[in-house]
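Colleague: Give the three-dimensional model of this entry:
(one chain, ligands or ions: 1)
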Amino acid sequence: MDRRRRQFLLRLAAVAVVAAPLAPSTAARAQPAAARPEIEVSAAWTRAASQGATGAGYMVLRNRGTTADRIVSASSPVARTVELHTHVHEGGVMRMRPVPAIDLPAGQEVRLAPGGLHLMLIGLTRPLREGERVPVTLTLEHGGSLTVELEVMSARSRGPAPSSAPMGHGHGGGASHAH
Ligand SMILES: [Cu+2]
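Modeller: Got it, this is the predicted structure:
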């Protein structure tokens with residue numbers, strides 16, 4: 001548990017960089033780049049998996065800016081393709097479904113978590129080993145991109161432990177889909 005907690009704290013300390021859009025070449029004055037949200041990322045993780053498998057990426061995003069943004073695509077050197085997915089209930093069955101974008105409303109927190117929104121890492125180009133970190137780049141609608149490091153947790157992990165309260169519910173063994 002100590003190790004897990006430490007890793008989680010390390011993850012919180014990791015820096016997510018928002019690339020500013022290129023300023024027009026004619027802008028002689030030192031104007032700030034067009035106002036755009038500051039997107040903070042924490043608790044970014046995935047599960048250990050073998051090469052060729054499909055993984056899922058999870059994280060908490062907070063838009064501290066005053067304007068909404070959206071994640072419109074994602075990519076990673078460790079996956080052939082990265083899709084944006086959500087889960088929907090259909091006739092009592094949970095199904096995954098691609099979504100065109102993930103909204104990041106101003107001033108709000110958006111959670112990518114098991115059973116909900118997630119990044120689908122399709123066709124892992126190499127094994128993901130517990131304890132390492134793998135990068136994923138999120139492309140934002142307003143021109144920037146954000147590179148996030150996912151911490152690789154155990155193959156059956158349900159994510160980093162919350163910093164205070166323990167998980168109030170257990171889903172029991174085997175219920176989580178391991179994609
Ligand atoms: Cu999925």
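
Colleague: Show me what the longest strand belonging to the chain is packed against.
Modeller: The single longest strand within the chain, with elements called by DSSP state E, is strand 79-90. If you count contacts as 3 or more C-beta pairs under 8 Å, 6 or more residues apart in numbering; DSSP states H and E, strand 79-90 packs onto strand 55-63, strand 69-75, strand 93-98, strand 118-124. The way it works is simple: take the backbone N, C-alpha and C, and place the C-beta from them, glycine included.

Colleague: Lowest mean pLDDT across these, which one is that?
Modeller: Least confidently modelled of the helices and strands packed on strand 79-90 is strand 93-98, at a mean of 94 by mean pLDDT.

Colleague: Strand partners (parallel or antiparallel) of that strand?
Modeller: Strand pairing for strand 93-98, determined by DSSP bridges: strand 79-90 (antiparallel).

Colleague: What are the buried residues along the strand it pairs with?
Modeller: 79, 82-85, 87 (16 or more other C-beta atoms under 10 Å).

Colleague: Out of those residues, which comes closest to Arg133?
Modeller: Nearest to Arg133 out of the buried residues of strand 79-90 is Ala79 (C-beta to C-beta; 14.3 Å).

Colleague: pretty sure that closest one contacts Arg126?
Modeller: No: using C-beta atoms under 8 Å, Ala79 is not in contact with Arg126, being 9.5 Å away.

Colleague: This structure against the ion: which residues are in contact?
Modeller: By the rule C-beta under 5 Å from the ion, the part of the chain lying against the ion is 85, 96, 120.

Colleague: Could you rerun that using 6 Å?
Modeller: Residues of the chain lying close to the ion by C-beta under 6 Å from the ion are 56, 85, 96, 118, 120, 179.
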